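> Below are the sequence and a predicted model; questions follow.
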Amino acid sequence: KKLAAFVSGGGSNFRSIQEATVRGSVHGDVVVLVTNKPDCGGAEFARDCGIPVILFPKIKDAPEGLSSTNLITSLRKFEVDIILLAGYLKLIPVELVRAYPRSILNIHPSLLPAFGGKGCFGMKVHKAVIASGARYSGPTIHFVDENYDTGRILAQRVVPVLANDTAEELAKRVLHEEHQLYVEVTAALCEEPL
Ligand code: GRF
C-alpha cells in the first residue's frame, strides 16, 4: 500500500513507521509527507529519506503550499491508499475525510474518549491526565472523522501513571508504546480493511 504521513512536529511516530516499511514489517511505502510546518523534524527526516514533502494548508509566503482541493488531487497523483496522521495538529478538511473512507488514522496520546477533543494535544493531555488522578493512560489509534478525536477506535494500549510522574515522564512512557502500536495497526491495515 502507499502511505501518506501528515506531521507537524518531531515526527518520531512517522520515523518508526518509515523504518518498519524499510525492514518489511509494514507492507507499504511512505510516498509523501504532508506538513503545515516545513521545517519540522518530521519534514527534515522525510527529505533525508528522499520522500517528497507537501506543504498544507497553503500559508502566506509559501507559493508551494496547497489548497484543500489541490491536496486531494496531489494525494491521488501519488496514488495514496492510507493516510497516517502522526502529530498533525490541524483539523482534516471534510472533503479529505470523505475522499478516504476508513483510510485515515490518527494517534492520540490518551485513552480516548478521555482527554481528547479540540485543544487537547501534546503536553496538555498528559498534564490533564496527571491532574485528574487517573492511574492509567496510553495511546489510542482511531479512524479520522469530521471532528477531533471522535472516529472509531481501532487500538489502545494501557500504561500506568506512576506516583509523582511529571507530564514529560508520562509522555515518554506513552510515546514508547505509540511507536509499537502505530506500526502494528498500520501493518494490519496494509493487509486488509479494518
Ligand atoms: C504523539 O504524542 C501523538 O500521539 C500526538 O502527537 C505526538 C506526535 O509525536 N498526536 P511525534 O511527532 O510522532 O514524535
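Arrived safely.
> sec struct for residue 69, please.
Of the three states, residue 69 takes helix under DSSP: H, G, I helix; E, B strand; the rest coil.
> show me what contacts the residue nearest to it when sequence neighbours are not counted?
Leaving out its chain neighbours, the residue that sits closest to residue 69 by CB to CB, 6 or more residues apart in numbering is residue 95, at 6.9 Å. Placement of C-beta: from N, CA and C, glycine included. Residue 95 makes contact with 68-69, 72, according to CB atoms under 8 Å, 6 or more residues apart in numbering.
> Most neighbours out of these, which is it?
Neighbours here mean other CB atoms under 10 Å. Within the contacts of residue 95, the largest count is held by residue 72, at 18 neighbours.
> Spit out the contact partners of that one.
So residue 72 contacts 95-96, 99 (CB under 8 Å, 6+ apart).
> can you redo these as a markdown table with pLDDT?
Shown next, in a markdown table, are those (pLDDT from 0 to 100):
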| residue | pLDDT |
| --- | --- |
| 95 | 92 |
| 96 | 95 |
| 99 | 95 |
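> Among those residues, name the ones in helices.
95-96, 99 (DSSP state H).
> Out of those residues, which is nearest to the ligand?
residue 96 (17.2 Å; CB to the nearest ligand atom).
> shouldn't that closest one be in contact with residue 71?
Yes: using CB atoms under 8 Å, residue 96 is in contact with residue 71, at 6.7 Å.
> More neighbours: which of these two?
Shown here are residue 96 and residue 71; by other CB under 10 Å, residue 71 has more neighbours (24 against 19).
> how far away is the more buried one from residue 6?
10 Å (CB to CB, to the nearest Å).
> ranges for the strands of the protein?
Applying DSSP state E to the chain gives strands spanning 2-6, 29-35, 53-55, 82-85, 104-108, 136-137, 140-143, 153-156, 159-160.
> what's the closest non-adjacent residue to the closest residue to the ligand within the chain?
Nearest to the ligand in the chain, going by CB to the nearest ligand atom, is residue 87, at a distance of 2.7 Å. The spatial neighbour of residue 87 that comes closest, neighbours along the chain excluded (CB to CB, 6+ apart), is residue 9 at 4.4 Å.
> repeat for residue 177
Leaving aside its sequence neighbours, residue 177 sits nearest to residue 157 (CB to CB, 6+ apart; 4.6 Å).
> Quick one: residues contacting that neighbour.
Residue 157 touches 138-139, 177, 180-181, counting by CB under 8 Å, 6+ apart.
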